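Student: below are the sequence and a predicted model for it; my questions follow.
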Amino acid sequence: MHVTLPPPRDARWLARVVLPWVGVALLPVALLLAPLLASSPMGIGFGDWWLAERYLVPLLALGLPAGLLGRRPLLALGLMLVAACLVTVTVHVPENGYLRDIWYAQFLGIDLVVGLVAARRPRRVSVPAAVVVLLVQVAASFVNPAEDPLSRATLSVLAVVTAWTVGDSVAARRRHAEALRDHAAAEALTAERLRIARELHDMVAHSIGVIAIQAGMGARVIDSQPAQARAALATIEATSRETLAGLRRTLGALRRPHGEPAALDPTPGLADLDRLVAAAADAGVRVRLHRRGESGPLPADLDLAAYRIVQEALTNVVRHAGTAECRVTVTHGPDELTVAVVDDGRGGPVGGEGHGIVGMRERVALLDGRFHAGPRPEGGFRVEARLPVPPPAAVQPAAATEVGR
């Protein structure tokens, strides 16, 4: 019969789990030796450094439970407090300086552990622990007193309160840092969701608008003008394939594991505006494209945003303006890029349930630009975005995909 043996324990496991309990097991021995060695003149040392046994054993009794501080700080604090109290009660020597020294050494060490508990545990745990330590320490100030127990008790109160306050402030800073990280992660997630929503809306809404118009036109002329109907169906097929390819790229980017490099599909930009002009013409809207100024390299996010703004504005013209013509103007300035889409259609106030205007405004806001969309006084509608262009040295050419950058 095959028997699976447990993996061997390594030295780190022994140091982390076994040794702390070995220290706890040796604690009674140290507590028994403390009163016996209180008058011993012996000690240990190396060279000029020397420590008397009567100091070493009480400190050892306090330090033996310290191995539990990492995993069980409350248990360690309780054992250290019991050890300090037993040493205070059982050690009797006619030397006030010795009694004072071991009392301060032990209880100030316990106060440090109170600060550690306050830093690692919530207040519902650290506050009762600090109160218990404070009461016991004040009471121990009047047991076997060496000199001035009232001053010792006052110092105990100050030490416990200070240690807990420092530890609690460390915990508060840690909680605040965690809250900031959680808030930043939530904001990043929200921003990513909005970015994906904008990309999907701008990509799909334009294509669906073209498809809807072409399908309606084809249905009207299929009997009287079959050639035009076939052209409409061809446009629908081409637009559908292009949209499907874009959706596949988007879904592929979303499913890509973290850290995997992005595909090198080109990101659309202002250089691809002719494609939008052709698509709008297929939908029955003639677009006059004007380029002004000297074009230079643009950051990928700015180039994509300008393209998407023109795309969404043309989609709105095709779907809502009721006109056969519009004008697109792209102006390259020394420190600003301006894109404007103007039509002479029916116009109308900005509003409704759509997300196109909202998405364009969000894109411009992310780039610290200015955006305006609204009816023109002379009729029609105007969409204009002014996007700041960084200095040429700060421009990074794009080779990333449309989603997943």
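Tutor: Structure's in. What do you need? Residues are numbered from 1 along each chain as shown.
Student: please state the offset of stretch 178-192 from the chain centre?
Tutor: Distance of stretch 178-192 from the chain centroid (CA atoms, centre = their mean, to the nearest Å) equals 5 Å.
Student: mean confidence score for it?
Tutor: Mean pLDDT, stretch 178-192: 85.
Student: per-domain residue ranges of the protein.
Tutor: Listed by automatic domain parsing, the domain ranges of the chain are 12-147, 183-394.
Student: name the residues of stretch 328-343 that are buried.
Tutor: For stretch 328-343, a neighbour-count test (16 or more other CB atoms under 10 Å) marks 328, 329, 330, 332, 337, 338, 339, 340, 341, 342, 343 as buried. Placement of C-beta: from N, CA and C, glycine included.
Student: looking at those, which is nearest residue 24?
Tutor: Set against residue 24, the nearest of the buried residues of stretch 328-343 by CB to CB is residue 337 (71.3 Å).
Student: phi, psi of that closest one?
Tutor: When quoted as degrees, to the nearest 10, the phi and psi of residue 337 stand at phi -110, psi 130.
Student: now do it against residue 292, distance only.
Tutor: 11 Å (CB to CB, to the nearest Å).
Student: repeat for residue 374
Tutor: 22 Å.
Student: show me where pLDDT drops low in this structure?
Tutor: Within the chain, the stretches with pLDDT under 70 are 1-11, 13-15, 43, 45-51, 144-147, 202-203, 205-206, 249-266, 348-355, 392-405.
Student: so where do the strands sit in it?
Tutor: For the chain, applying DSSP state E gives strands covering 43-46, 49-52, 286-292, 325-332, 336-343, 370-375, 381-388.
Student: among those, single out whichever gets nearest to residue 215.
Tutor: Proximity to residue 215 (CB to CB) singles out strand 286-292 among the strands of the chain, at 20.1 Å.
Student: ok, and the closest non-adjacent residue to residue 274?
Tutor: residue 289 (7.4 Å; CB to CB, 6 or more residues apart in numbering).
Student: my read: the one you found touches residue 277, true?
Tutor: Yes - Residue 289 is within contact range of residue 277, at 5.5 Å (criterion: CB atoms under 8 Å).
Student: quick one: common contacting residues for these two?
Tutor: Applying CB atoms under 8 Å, 6 or more residues apart in numbering, one finds that residue 289 and residue 277 are jointly contacted by residue 328.
Student: which of the two has more neighbours?
Tutor: residue 277 (18 against 13; other CB atoms under 10 Å).
Student: which residues touch that one?
Tutor: 287, 289, 328.
Student: if we go to 10 Å?
Tutor: Applying CB atoms under 10 Å, 6 or more residues apart in numbering, we find residue 277 in contact with 285, 286, 287, 288, 289, 310, 314, 328.
Student: what are the phi and psi angles of residue 142?
Tutor: In terms of degrees, to the nearest 10, the main-chain angles of residue 142 are phi -100, psi 10.
Student: can you tell me how far it sits from residue 88?
Tutor: Distance, residue 142 to residue 88, using CB to CB: 10 Å.
Student: comparing the two, which residue is more hemmed in?
Tutor: Between residue 142 and residue 88, residue 88 has the larger neighbour count (other CB under 10 Å), namely 22 against 11.
Student: can you tell me how far the closest residue to residue 367 other than its chain neighbours is from residue 191?
Tutor: In space, and not counting its chain neighbours, residue 367 is closest to residue 387: 5.2 Å by CB to CB, 6+ apart. As for residue 387, its distance to residue 191 is 18 Å (criterion: CB to CB).
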